[in-house]
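Asks: sequence first, predicted model second:
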Amino acid sequence: MEPMTLTVEEVAALLRLSVITVYRELVKRRLPGFKVGNQWRVRRDILQEWMEEKSGWTRRFDRLWSSFQRQGRRRRVTERAVAAEVRAARRGER
């Protein structure tokens, strides 16, 4: 079972940053974290949400989904077309 919280070292390894950079971002509140005594911890699920938000993927997907809901039924959009749009959005083409 994976731990619910991550240490600064684990966050640094996950984000491929130096430990000093992670500390700096935590202190400036640019990374979501909290202190336990004098040690920083980051919740794994919150960090995952933060990464998705920062990547822009969720905004692109929401835009794609709302467009599909508005136009999909009229144009008879197929699953194959939706999958192609999702792949294009992941590559940043949309």
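Replies: Okay, I see it.

Asks: quick one, longest strand in the protein?
Replies: Ranked by residue count and defined by DSSP state E, the top strand of the chain is strand 39-43.

Asks: run through who's touching the helix or strand just after it.
Replies: Using DSSP states H and E, the helix or strand that follows strand 39-43 in sequence is helix 44-55. Under the contact criterion C-beta atoms under 8 Å, 6 or more residues apart in numbering, helix 44-55 has outside partners 2-6, 11, 14, 31-32, 58. Where you see a C-beta, it was placed from the backbone N, CA and C, and this is true even at glycine.

Asks: could you rerun that using 7 Å?
Replies: 2, 4-6, 11, 32, 58 (C-beta atoms under 7 Å, 6 or more residues apart in numbering).

Asks: now those residues as TSV including secondary structure, neighbour count and pLDDT?
Replies: Output for those, formatted as TSV (DSSP: H, G, I helix; E, B strand; the rest coil; neighbours: other C-beta atoms under 10 Å; pLDDT from 0 to 100):
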residue	secondary structure	neighbour count	pLDDT
Glu2	coil	5	78
Met4	coil	10	93
Thr5	strand	17	95
Leu6	strand	21	96
Val11	helix	24	96
Pro32	coil	13	94
Thr58	helix	12	68
